[in-house]
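1. Sequence and computational prediction follow.
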Amino acid sequence: MDRETVENILGRPQYQVLLGSEKLKISFGERILITGADGSIGRALTERIRNYTGVECLTTDIVGDHEYLDITDFQNVFSVVNKFSPTIIVNIAGAKHAPLGEREIWKTLSINSIGMKNIIDAVPQNCKLVLTSTCKANNPEIVYGASKLIAEKMVLRAGGSVARYFNVVETSGNVFEIWNNVKEDQPIKVVAECERHFISLEESVGFIIYTMLAPKGRYIVNSNKRLNMKDIADRLYPEREKQIISPR
């Protein structure tokens, strides 16, 4: 997705401080372990980190060409962490599909909450821990949000930091990808009363790095206002028919 399209969705320019490496400088000699590295954010973060000189990065996941790491398996977590001896751990791994989380409650809790506890128990002394979380952890109404809130509280209590995300525009399976694959002679399906906050993929990567460098705590990217999905659909596809559907 090009920058113009992304900013059309956001309804604002991207935050420049989060886009480049020159203002967010990771120190020489840092050893960064990333979980969930095969996802959209993990791949983009890895690419940005590898632009820094003298910074070593170990990417881990249960899929893809990475060091195998299942965060629900404590022995696996301890072995990988102990072998690499990271100075920073960024936990991006998670069960992120909100509707699926309502059906697979234990799996969601195991990955998002117990998996986070396994990482905390394996963290070396003087290693900074960063968790990527979600705005759905604020007064959660769904299992996904509740499991992430538990993880946030554990990380903060352990002296780590939380990067609490809004919806990231360019992640795989997003609504814009779905809309873009609808045939031109078919209507775009929209939940008219649905409102969301968004950040871009580039902003999300810079946000993680900012949280790495900042004092311990919980951080969020400023958002001007909630965006109505019907308004976004009209901006992206002004000539297309819109079919209004009910919320899930």
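-> Sure thing, it's come through. Not measured: the values here are computed from a predicted model.

2. use CA for all of it now, contacts and neighbours both
-> OK.

3. gap between the two ends of stretch 151-169?
-> End-to-end distance of stretch 151-169 (C-alpha to C-alpha, to the nearest Å): 24 Å.

4. Setting aside sequence neighbours, what's the nearest residue to the residue nearest to the spatial centre of the chain?
-> Compute the mean C-alpha point of the chain, and by C-alpha atoms, centre = their mean the closest residue is residue 132, 5.4 Å away. Closest residue in space to residue 132, ignoring its immediate chain neighbours: residue 163 at 4.9 Å, by C-alpha to C-alpha, 6 or more residues apart in numbering.

5. if I pick the one you found, what's in contact with it?
-> 130-133, 207-208, 211, 218-220 (C-alpha atoms under 8 Å, 6 or more residues apart in numbering).

6. can you do 10 Å?
-> Residues in contact with residue 163, defined by C-alpha atoms under 10 Å, 6 or more residues apart in numbering, are 90, 130-135, 152, 204, 207-212, 217-221.

7. Check the spacing between residue 103 and residue 71 real quick.
-> 21 Å.

8. ok, these two, which is more surrounded?
-> Taking other C-alpha atoms under 10 Å, residue 103 and residue 71 do not tie; residue 71 has more neighbours (28 against 11).

9. what about the more buried one, helix or strand, and which?
-> Using DSSP states H and E, residue 71 maps to neither a helix nor a strand.

10. I'd like to know how many residues surround residue 28.
-> For residue 28, the count of nearby residues is 11 (other C-alpha under 10 Å).

11. what about the closest residue to it other than its chain neighbours, distance to residue 31?
-> Closest residue to residue 28 apart from its sequence neighbours, by C-alpha to C-alpha, 6+ apart: residue 54 at 4.8 Å. Using C-alpha to C-alpha, we find residue 54 at a distance of 9 Å from residue 31.

12. quick one: the helices in this structure?
-> Ranges of helices within the chain are 3-10, 40-49, 74-84, 98-103, 105-109, 115-122, 143-157, 175-180, 201-213, 229-236, based on DSSP state H.

13. quick one: average confidence on the first one?
-> Looking at helix 3-10 alone, the average pLDDT works out to 90.

14. which other helices and strands contact that helix?
-> strand 198-199, helix 229-236 (3 or more C-alpha pairs under 10 Å, 6 or more residues apart in numbering; DSSP states H and E).

15. Sort out which residues of the last one are buried, please.
-> Same thing as helix 229-236. 229-230, 232-233, 236 (16 or more other C-alpha atoms under 10 Å).

16. Just the residues contacting it, thanks.
-> Helix 229-236 is contacted from outside by 5, 8-11, 175-176, 179-180, 188-196, 237-238, 240-244, using C-alpha under 10 Å, 6+ apart.
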